[in-house]
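**Q** below are the sequence and a predicted model for it; my questions follow.
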Amino acid sequence: MDTPWGIRIGNVHTVANKKKLIARVRRVRGQIEAVERALTEERGCEEVVRTIAAARGAINALAAKVLCEHLEEHVAAADVKPKERVAAAEELAKVMRQFLV
């Protein structure tokens, strides 16, 4: 994938960990389905909110994993060229802003 700065950055970390990331996504899906069940079954507010919080935590953990792997592979790795490091850091900052807002 090319960055807006014209530097090619591969997604080696997401490909290498594809099975683990997909497993996390499936767990998140299960937690979202649990929220739906809780609402459908008209469970109490406390239980619904607790279930939502668990789903939010799982999605945040998934995002953190992908973001940290990006940082390790494209910014902090010793073999990354300075120009690529700067581009990857800028890309990471952009993605983090989108995620946090």
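**A** Now that the structure is in, tell me what you want to look at. The model shown is predicted, which means the values in this text are computed figures rather than measured ones.
**Q** hey, let's count contacts and neighbours off CA atoms from now on
**A** Noted.
**Q** surely Ala78 is within a strand?
**A** No: Ala78: not assigned to a strand; according to DSSP: H, G, I helix; E, B strand; the rest coil it is coil.
**Q** flag every buried residue along the lengthiest helix in the chain.
**A** Using DSSP state H to define each element, the chain has its longest helix at helix 45-70. Residues Val48, Thr51, Ile52, Ala54, Ala55, Ala58, Ile59, Leu62, Leu67, Glu69, His70 are the ones in helix 45-70 that count as buried (16 or more other C-alpha atoms under 10 Å).
**Q** and the residue of the chain most remote from its centre, which of the three is it?
**A** Here the chain reaches farthest from its C-alpha mean at Glu42, the gap being 30.6 Å by C-alpha atoms, centre = their mean. Under three-state DSSP, Glu42 falls in the coil class.
**Q** what about His74, how many neighbours?
**A** Counted by other C-alpha atoms under 10 Å, the residues lying close to His74 total 25.
**Q** what about it, distance to Glu91?
**A** Distance from His74 to Glu91, counting by C-alpha to C-alpha, to the nearest Å: 10 Å.
**Q** find the residue at the geometric middle of the protein.
**A** In the chain, the residue lying closest to the centroid (C-alpha atoms, centre = their mean) is Ala63, at 1.8 Å.
**Q** who are the packing partners of the strand or helix carrying Glu84?
**A** Following DSSP states H and E, one finds Glu84 within helix 82-100. Applying 3 or more C-alpha pairs under 8 Å, 6 or more residues apart in numbering; DSSP states H and E, we find helix 82-100 packed against helix 45-70.
**Q** helices and strands around the helix it packs on, which ones?
**A** Where contact means 3+ C-alpha pairs under 8 Å, 6+ apart, helix 45-70 is packed against helix 12-16, helix 18-40, helix 82-100.
**Q** of those helices, which shows the lowest average pLDDT?
**A** Per-stretch mean pLDDT for the helices and strands packed on helix 45-70 is lowest at helix 12-16 (a mean of 62).
**Q** restricting to C-alpha, output stretch 90-97 in CSV.
**A** Extracted as CSV, the C-alpha positions of stretch 90-97 are listed here (Å, rounded to 0.1, in the frame of the first residue of the first chain):
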residue,chain,number,x,y,z
GLU,A,90,2.9,10.4,10.2
GLU,A,91,0.5,7.7,8.9
LEU,A,92,0.3,6.2,12.4
ALA,A,93,-0.5,9.6,13.9
LYS,A,94,-3.3,10.1,11.3
VAL,A,95,-4.8,6.7,12.1
MET,A,96,-4.6,7.3,15.8
ARG,A,97,-6.4,10.6,15.5
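**Q** good, wrapping up.
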